[in-house]
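Enquirer: here is my input, please return the structure:
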Amino acid sequence: MYKVYILKCSDNTLYTWITTDLEKRLKQHNWDILWWAKYTLSRKPVELLYSEDSENRSTATKREMQIKKFNREKKLELINNK
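Expert: Numbering: from 1, shown residues only. Just a heads-up that it's a prediction; the model follows:
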């Protein structure tokens, strides 16, 4: 199962992506496991603010793209209404 997630970075920006293993991915973003997440590399630590399940990669990617088009206010509204 895929998850779409939103992180809050140390510079207060929001980062959206997809994964099949959210716990591992959070460790990768915070460098507990080496990874090349370029955006979060200089914005550690990150904090998980939101996640939602998706049936497959296709629906997860579509939802990710939809959320990435949201402005910050709309993303925060999504997070607060979970």
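Enquirer: measure stretch 65-79 end to end?
Expert: From its first residue to its last, stretch 65-79 covers 16 Å (C-alpha to C-alpha, to the nearest Å).
Enquirer: pull the distance from stretch 39-58 to the chain's centre.
Expert: 2 Å (C-alpha atoms, centre = their mean, to the nearest Å).
Enquirer: in the chain, which helix is the longest?
Expert: Using DSSP state H, we find that the single longest helix of the chain is helix 57-69.
Enquirer: just the buried residues of the helix or strand following that one, please?
Expert: Past helix 57-69, heading to the C-terminal end, the next element that is a helix or strand (DSSP states H and E) is helix 72-80. Of the residues in helix 72-80, those buried by neighbour count under the rule 16 or more other C-beta atoms under 10 Å are K75, L76. All C-beta spots, glycine's among them, are computed from the backbone N, C-alpha and C.
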